[in-house]
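Engineer: pasting a predicted model and its sequence here:
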Amino acid sequence: MPAPSRLIVIILGIFTALAPLAIDMYLPALPQMQTDFAASSTQVQITLAAFLAGFALGPALYGPISDGWGRKGPLYAGLIIHTLSSLACMMAPSVEIFTIARFFQAIGACSGGVIGRAMVRDLYPPQETHRVYATLMLVMGAAPIIAPLAGAWLINLLGWRSIFATQAIMGGLCLVLLHHWLAESHPPHLRRRSGFIGALVAYGRLLADRSFMAYALAGSFGMAGLFTYISGSPFVLIQYHNLPLEQFSWVFAANAFGFIIAGQINGRVLHGLDRHKVLAVAQWAQLALAAMLAAVAASDFAGVIGLSVALFATIACMGFIAPNSSVLVMAPRGGAIAGTASALMGMLQFTIGAAASALVGLLHAHSALPMAMVMLGFAVLGPLSLKLLPKG
């Protein structure tokens, strides 16, 4: 197979970016949505947990289907679901309807990430995948920088519902890109149509694979801290620290920038190092920095500046954890099982992420401490996950 063009990698990055855009664009709107829907802060934060729950379920569908029927068809279906659900979010009359629409929006949006990772595995040899994942992270990582700024601008100009109109338009543009510029990467002779029972068997084998579970959980616990921050930060920074929407968006963008820079260092500077060792060091660094974050939150040391610096450092560690755990999960599992492995990894990440988001919502207080303590708890679990690796 000829080497894929840089354009293909950029397109896959755009598809993968649909999910972070769907999450991050609406974050500045959460306090305003609480007012408009006459809802509690917990109800509004549950809309993020619902999105993450949909993101956990979606891969269970796309993984086996894309392994058995090819990559493009399921990607078409996912993009259509995302587009229609974005319109439903825009028109939702209540927080309950909005929450349901967000669930289905996530089921659509996750197709880009799940199938995109499988397509990378289709197109590149294992020794090259880490560089492609780093490029995908660069394209995808622009989303959390741009998204809250764009969201705040749209809120001030047209109101929060315009955010979801914009996401529907983006879904339509992705359908055009898919139709005109992205070829099928999984040829018929490599496809495996195993049916529902076969899919369960494949998932069971992966769940029993200690190496798969160790690295998938390592990535999941690392990213749970990110989802905790995403869910809690609008209320901590906008309501508790009284940051205007624009300032919140810049703080969020700065943290996303740290995540991206770490990912690029990982892909371009540390690419010759042992991936397992880099992952382990990043986990322990995240644990130490999350403990510092909790101390800053408990003492309110240096106010919003101290909190922002501690958050920046903690989140940057995830830029090392995410790509290395993905490579260690996916590199040994190509061919017919690549989509299923990618799907199960996504299911674990977003199931744990949904739990983290719901937990910080339930613990919501007029303080950064609940958010920081949840991040610390998942940082503790990260290094423990590698204990699952088989001896020797």
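Structural biologist: Perfect, I can see it now. Numbers count the residues shown, from 1 in each chain.
Engineer: next, count neighbours for Thr35.
Structural biologist: 9 (other CB atoms under 10 Å). C-beta coordinates here come from the backbone N, C-alpha and C atoms, glycine included.
Engineer: state the distance from it to Ala341.
Structural biologist: 43 Å (CB to CB, to the nearest Å).
Engineer: please apply the same query to Trp69.
Structural biologist: Distance check for Trp69 against Ala341: by CB to CB, it reads 17 Å.
Engineer: who's more crowded, these two?
Structural biologist: Neighbour count, other CB under 10 Å: between Trp69 and Ala341, Ala341 has more, with 25 against 16.
Engineer: count the residues that sit near Ala208.
Structural biologist: Counted with other CB under 10 Å, residues neighbouring Ala208 total 9.
Engineer: no, scratch that, I was asking about Pro383
Structural biologist: Residues near Pro383, counting by other CB under 10 Å, number 16.
Engineer: can you show me the helices along the protein?
Structural biologist: Here the chain has its helices, by DSSP state H, at 6-24, 30-36, 41-69, 72-91, 95-123, 126-158, 161-181, 195-208, 210-233, 245-268, 275-299, 303-330, 338-362, 369-385.
Engineer: my guess is Thr351 contacts Gly54. True?
Structural biologist: No - using CB atoms under 8 Å, Thr351 is not in contact with Gly54; the gap is 10.8 Å.
Engineer: the two - which one has more neighbours?
Structural biologist: Neighbours were counted for Thr351 and for Gly54 using other CB under 10 Å; Gly54 has more, 24 against 18.
Engineer: separation between the closest residue in space to the more buried one that isn't next to it in sequence and Pro20?
Structural biologist: Of all residues not flanking Gly54 in the chain, Ala106 sits nearest, at 3.1 Å (CB to CB, 6 or more residues apart in numbering). According to CB to CB, Ala106 and Pro20 sit 12 Å apart.
Engineer: then Gly225?
Structural biologist: Gly225 is 15 Å from Pro20, by CB to CB.
Engineer: okay, these two: which has more neighbours?
Structural biologist: More neighbours surround Gly225 than the other of Gly225 and Pro20, with 31 against 21 (other CB under 10 Å).
Engineer: so that one makes contact with Leu311?
Structural biologist: No - using CB under 8 Å, Gly225 is not in contact with Leu311, being 9.9 Å away.
Engineer: any idea how many residues pack against Ala134?
Structural biologist: When counting by other CB under 10 Å, one arrives at 21 neighbours for Ala134.
Engineer: next, the closest residue in space to Pro126 that isn't next to it in sequence: phi, psi?
Structural biologist: Closest residue to Pro126 apart from its sequence neighbours, by CB to CB, 6+ apart: Ala331 at 4.3 Å. Phi and psi for Ala331, reported as degrees, to the nearest 10, are phi -60, psi -40.
Engineer: mind pulling the model confidence for Ala331?
Structural biologist: Note on Ala331: pLDDT of 77.
Engineer: pretty sure it contacts Thr129?
Structural biologist: Yes - the pair Ala331 / Thr129 is scored as a contact, 5.9 Å apart, by CB under 8 Å.
Engineer: ok, these two, which is more surrounded?
Structural biologist: Thr129 (20 against 17).
Engineer: which residues touch the more buried one?
Structural biologist: By CB atoms under 8 Å, 6 or more residues apart in numbering, the residues touching Thr129 are Val120, Arg121, Val327, Met330, Ala331.
Engineer: picking up where we left off before, now do the same contact list for the residue nearest to Gly54.
Structural biologist: By CB under 8 Å, 6+ apart, the neighbours of Ala106 are Ala19, Ala22, Ala50, Phe51, Leu52, Ala53, Gly54, Phe55, Gly58, Phe350.
Engineer: same thing but 7 Å
Structural biologist: Ala106 is in contact with Phe51, Leu52, Gly54, Phe55, Gly58, counting by CB atoms under 7 Å, 6 or more residues apart in numbering.
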